[in-house]
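> Return a 3D structure for these sequence lines:
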Amino acid sequence: MCVGRSRLSRLDALQKPAVHPHRERCADLAAIAERQGASREIGAQMLALQQHLFAHWHQWKSGAIDRPQLLHRCHPLRLAFEATLQRVVDLGCERGEQTPWAQTVRTCRQLLQRKQALWTFLETPGIEPTNNAAERALRQSVIHRKISHGVQSSGGAICRSRLLTVTATLRQQGRDVWQFLEQAWIAHRLGGVMPSLVPDR
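Got it, this is the predicted structure:
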């Protein structure tokens, strides 16, 4: 629901959901809540709203409530969150101001500008509010890079990235990696039909 501020500028609200790693879930809101004065109160309010929202999300994931109930329960939280952002933006700050409050205003303004992307996980079935799955898929690549100290050529980098993409995709689909690679190698050598990463194809 909230995103690290370094990532905000790279998000296209019309195309990408505003997702974030679990450990950075509250990065912006926690930063606001840690500031002095009105920022602390605003941050605490938004963190509380976020906690309620994720409590409903986890209820839905566990099967305790259905999707219409999830949407019904999250709707007032969404309105309250956006209203809080708008209230901060309306209060505003001076141009060029470098105070903690000014930081809060800028963060809220950025979140408000991308408010549609904040709720993609509610509006589009199959979208998660976090990108934990993407992080898990990248973990093997990070470990491999640390152990092997990377690759020594651009060709090696391309090969490694393609193999990691294939293996991560197949594992997410529950398919046998070695069987796929064997089929791809045979098809390449004998001029046959290449296997597809798209399972229904």
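> Show me the strands in this structure, by range?
Applying DSSP state E to the chain gives no strands.
> which residues are contacting stretch 181-196?
Outside stretch 181-196, the residues within contact range by CB atoms under 8 Å, 6 or more residues apart in numbering are 166, 180. To be clear about C-beta, it is placed using only N, CA and C from the backbone, and glycine gets the same treatment.
> I misspoke; the intended subject was stretch 31-47.
Stretch 31-47 is touched from outside by 2, 26, 29-30, 81, 84-85, 88, 100-101, 103-104, 107-108, with contacts defined as CB under 8 Å, 6+ apart.
> Where is pLDDT lowest across the residues you listed?
Least confident by pLDDT among these: that is C2, with 44.
> hang on, the earlier thing: let me have the contacts of stretch 31-47 in TSV, extended by neighbour count.
Converted to TSV, these look like this (neighbours: other CB atoms under 10 Å):
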residue	neighbour count
C2	24
C26	19
L29	23
A30	15
F81	25
T84	18
L85	21
V88	24
P100	16
W101	20
Q103	18
T104	25
T107	23
C108	23
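> quick one: low-confidence parts of this structure?
In the predicted model of the chain, residues 1-26, 130-151, 199-201 satisfy pLDDT under 70.
> Max pairwise distance over the contacts of stretch 31-47: which two?
Spanning the widest gap among these are F81 and P100, at 20.7 Å by CB to CB.
> how far away is A168 from R109?
Between A168 and R109 the computed distance is 36 Å (CB to CB, to the nearest Å).
> Of the two, which one has the most company?
A168 (19 against 16; other CB atoms under 10 Å).
> Could you measure from that one over to V177?
10 Å.
> Then V166?
For V166, the distance to V177 - CB to CB - is 7 Å.
> Throw the contacts of stretch 31-47 into JSON lines and include distance to M46, thanks.
As requested, these are exported to JSON lines (distance: CB to CB, whole Å):
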{"residue": "C2", "distance to M46": "8"}
{"residue": "C26", "distance to M46": "9"}
{"residue": "L29", "distance to M46": "5"}
{"residue": "A30", "distance to M46": "10"}
{"residue": "F81", "distance to M46": "6"}
{"residue": "T84", "distance to M46": "6"}
{"residue": "L85", "distance to M46": "8"}
{"residue": "V88", "distance to M46": "9"}
{"residue": "P100", "distance to M46": "15"}
{"residue": "W101", "distance to M46": "15"}
{"residue": "Q103", "distance to M46": "14"}
{"residue": "T104", "distance to M46": "10"}
{"residue": "T107", "distance to M46": "10"}
{"residue": "C108", "distance to M46": "9"}
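> Please list the members of those residues that lie in helices.
Within the contacts of stretch 31-47, membership in helices is found for 29-30, 81, 84-85, 88, 100-101, 103-104, 107-108, as judged by DSSP state H.
> Surely H56 is in contact with I65?
Yes: contact criterion CB atoms under 8 Å: H56 and I65 qualify, at 7.2 Å.
> mind listing what the spatially closest residue to F81 that is not a sequence neighbour touches?
Distance criterion CB to CB, 6 or more residues apart in numbering; nearest residue to F81, sequence neighbours excluded, is L49 at 4.9 Å. Listed by CB under 8 Å, 6+ apart, the contact set of L49 reads 77, 80-81, 84.
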